[in-house]
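Participant: Take a look and give me a structure for this.
(one chain, ligands or ions: 1)
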Amino acid sequence: MTTAIVTSVLKSKVERAPSFEDAFAAKLNGLRSEGRYRVFVELERPADRFPYAVWHAPDGPRDVVMWCSNDYLNMAHDAAVAATMIDAVKQGATGAGGTRNIGGTHHEHVELERVLAQWHGKEAALTFTSGWVANLTALSVLGSILPNAVVLSDADNHNSMIEGIRRGTAPCVVFRHNDVADLATKLAALPTAQPKIIALESLYSMDGSVAPLAAICDVAERFGAFTYLDEVHAVGLYGVRGAGQAELQCVSHRIDLIQGTLGKAVGLQGGYIAGRQAVVDGVRSLGGGFIFSTAMPPMIAAGARVSIEKLIRAKAQRNAQQQHVRLLQQGLRRLRLPMLESPSHIVPVVVGDAARCKQASDLLLQRFGIYVQPINYPTVARGTERLRFTPGPKHTPEHIHHLVDALDQVWTELDLPRQQGGWWC
Ligand SMILES: Cc1ncc(COP(=O)(O)O)c(C=O)c1O
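Facilitator: Okay, here's the model as predicted:
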């Protein structure tokens, strides 16, 4: 009887559900026709040659100059960091062997968290496998711990912060990017007794803008709001000890929770939060992204600790980076290339169209040996597609002049718009 039913079900005509493959193919075709399909450029980065990398081009390997690396000070190739990691591997500190709770807490994790807490002048720190996971986990826990809380989120916050806020139970109010008056208005409209979290970045990586942290802390203190600061693009690069924009703007002690990455200026991989003991312990004890995931390899924790110890003293590299940024900005202004003015190390040049942005990036790579990726929607808004340059201490004035000259030629060849008006008048 049962076999007969199964046979008749198998033989009967059923309407086909849409195919997943077809759905993906249609989406990918859409991305291709908009010029937004992501093509990875295959590179090798030999240790002693940064900013040069080897591009595995279709016609064979060739040298290119990296202009969009987030390994901002090239700590990924630092000899002491590498030696520490090699030594750690020899000592068996390769994989963590478990979540932090189940055999995965290594002495190196604890040491790194001690150094991170000290760096930011906080009571405690906690590491995660990435900055993305750190934001997702910390913001979702924070946004769920008090039943009636609300999150005030900067309009330009990173995807990982938005995802973290969404996973929490607190509703979200978005305030205009870096607009302290709008933040204050939105805070004032909320009931006094409602717990409030202000979530923002110190340095926004796609336009290079910097948050006015003292003014934001003033407003936060007036309304009794908790401050959550993503310092991912600032740690290692700003402040006398490289602890970030909060240090530079002298507000570290006024920020409740600082979040950072070990994947950019620190040169490795991983993320962290630093703050008061009870808050960090709360995220450690309640955060799924921390509890249920294998800990970062302890060799990375060892390398990150040494990298941070060196970054604390890396004033000369920070100064050289800033000088190279200013030199590049001067060159772009001179040729009216449409750069977004920024006080930071990020130099965006706007193309304003996804397909042409990709064309410019391809030309720079193929003809001039310049590697810079196009930045398209959804990373930036449609119509503001851009190339994003990150000069570092190892670029020379010759590299910068070559870049400016190449951009000038590409802008002419593709007939891209130049800056109107007068920076130079
Ligand atoms: C502002 C910001 N926060 C968090 C992250 C995620 O950090 P990670 O790359 O360590 O996952 C990024 C990544 O680019 C970022 O730009």
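
Participant: What residues does this protein have near the ligand?
Facilitator: Contacts of the chain with the ligand, taken as Cβ under 6 Å from any ligand atom, map to 130-132, 135, 158, 160, 201, 205, 230, 232-233, 261, 263, 271. All C-beta atoms are positioned from the backbone trio N, CA, C, and that covers glycine.

Participant: mind running it again at 5 Å?
Facilitator: Within the chain, the positions adjacent to the ligand are Ser130, Gly131, Trp132, His158, Ser160, Ser205, Asp230, Val232, Thr261, Gly263, Gly271 by Cβ under 5 Å from any ligand atom.

Participant: can I get the residues you listed in a markdown table with pLDDT?
Facilitator: Output for these, formatted as a markdown table (pLDDT from 0 to 100):
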| residue | pLDDT |
| --- | --- |
| Ser130 | 98 |
| Gly131 | 98 |
| Trp132 | 98 |
| His158 | 98 |
| Ser160 | 98 |
| Ser205 | 95 |
| Asp230 | 99 |
| Val232 | 98 |
| Thr261 | 98 |
| Gly263 | 98 |
| Gly271 | 98 |
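
Participant: So which residues of the stretch 1-150 of the chain form strands?
Facilitator: Counting by DSSP state E, counting those that start in this stretch, the stretch 1-150 of the chain has strands at residues 43-44, 52-57, 60-66, 124-128, 150-154.

Participant: Mind putting those strands into a markdown table with mean pLDDT and mean neighbour count?
Facilitator: As requested, the strands of the stretch 1-150 of the chain are exported to a markdown table (pLDDT from 0 to 100; neighbours: other Cβ atoms under 10 Å):
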| stretch | mean pLDDT | mean neighbour count |
| --- | --- | --- |
| strand 43-44 | 96 | 12 |
| strand 52-57 | 98 | 16 |
| strand 60-66 | 97 | 15 |
| strand 124-128 | 98 | 23 |
| strand 150-154 | 98 | 23 |
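
Participant: quick one: the residue lying closest to Leu286 once chain neighbours are set aside from the ligand, how far?
Facilitator: Excluding its sequence neighbours, the residue lying closest to Leu286 (Cβ to Cβ, 6 or more residues apart in numbering) is Val141, at 4.9 Å. Remark: distance between Val141 and the ligand (Cβ to the nearest ligand atom, to the nearest Å) = 16 Å.

Participant: going forward can the numbers begin at 29, since that is how I track them
Facilitator: All set: I'll call the first residue 29, so the last point we hit is now Val169.

Participant: For Val169, give me the pLDDT.
Facilitator: The per-residue pLDDT reported for Val169 equals 98.

Participant: For the ligand, what's its nearest residue on this structure.
Facilitator: Gly159 (2.5 Å; Cβ to the nearest ligand atom).

Participant: Relative to Leu265, how far out is the residue nearest to Tyr100 when sequence neighbours are not counted?
Facilitator: If the residues on either side of it in the chain are set aside, Tyr100 comes closest to Ala293, at 4.5 Å by Cβ to Cβ, 6+ apart. Taking Cβ to Cβ, to the nearest Å as the criterion, Ala293 is separated from Leu265 by 5 Å.

Participant: before we move on, what about Leu444?
Facilitator: 30 Å.

Participant: Please report the separation between the first and final residues of stretch 198-211.
Facilitator: This stretch, stretch 198-211, spans 17 Å end to end (Cα to Cα, to the nearest Å).

Participant: ok, residues contacting that stretch?
Facilitator: 171-172, 174, 177-184, 193-194, 214, 218, 225-226, 232, 237, 239-240, 243-244, 247 (Cβ atoms under 8 Å, 6 or more residues apart in numbering).

Participant: Among the residues you listed, the buried ones, what's the PyMOL command?
Facilitator: Entered in PyMOL, the line below selects the buried ones among the contacts of stretch 198-211, by 16 or more other Cβ atoms under 10 Å:
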select buried, resi 171+177+178+179+180+181+182+184+193+214+225+226+232+237+239+243+244+247
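
Participant: Give the residue spans of the protein that score low on pLDDT.
Facilitator: In the predicted model, the chain carries pLDDT under 70 at residues 29, 449-453.

Participant: Which stretches in the stretch 329-453 of the chain count as strands?
Facilitator: 375-378, 398-399, 402-403, 414-417.

Participant: Export those strands to CSV and append columns for mean neighbour count.
Facilitator: CSV is the format used below for the strands of the stretch 329-453 of the chain (neighbours: other Cβ atoms under 10 Å):
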stretch, mean neighbour count
strand 375-378, 22
strand 398-399, 22
strand 402-403, 23
strand 414-417, 24
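
Participant: need the ones you listed in JSON lines with distance to Leu154, can you?
Facilitator: Converted to JSON lines, the strands of the stretch 329-453 of the chain look like this (distance: least, Cβ to Cβ, whole Å):
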{"stretch": "strand 375-378", "distance to Leu154": "32"}
{"stretch": "strand 398-399", "distance to Leu154": "35"}
{"stretch": "strand 402-403", "distance to Leu154": "31"}
{"stretch": "strand 414-417", "distance to Leu154": "30"}
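
Participant: Give me the buried positions along the longest helix seen in the chain.
Facilitator: Once the chain is assigned using DSSP state H, the helix that runs over the most residues is helix 343-362. Neighbour-count burial for helix 343-362 flags Gln345, Arg346, Ala348, Gln349, Gln350, His352, Val353, Leu355, Leu356, Gln357, Gly359, Leu360 (criterion: 16+ other Cβ under 10 Å).

Participant: Excluding covalently adjacent residues, which one is nearest to the fourth one?
Facilitator: Closest residue to Gln349 in three dimensions, ignoring its sequence neighbours and counting by Cβ to Cβ, 6+ apart: Pro421, at 5.1 Å.

Participant: Just want the phi and psi numbers for the one you found.
Facilitator: Main-chain dihedrals, Pro421, degrees, to the nearest 10: phi -60, psi -20.

Participant: isn't it right next to Met103, touching?
Facilitator: No: look at Pro421 against Met103 with Cβ atoms under 8 Å: they stay out of range, at 10.7 Å.

Participant: ok, these two, which is more surrounded?
Facilitator: Met103 (25 against 20; other Cβ atoms under 10 Å).

Participant: tell me which element the residue lying closest to Val161 once chain neighbours are set aside falls in.
Facilitator: Computed as Cβ to Cβ, 6+ apart, the closest residue to Val161 that is not its neighbour in sequence is Gly317, at 4.6 Å. In the assignment (DSSP states H and E), Gly317 maps to helix 316-319.
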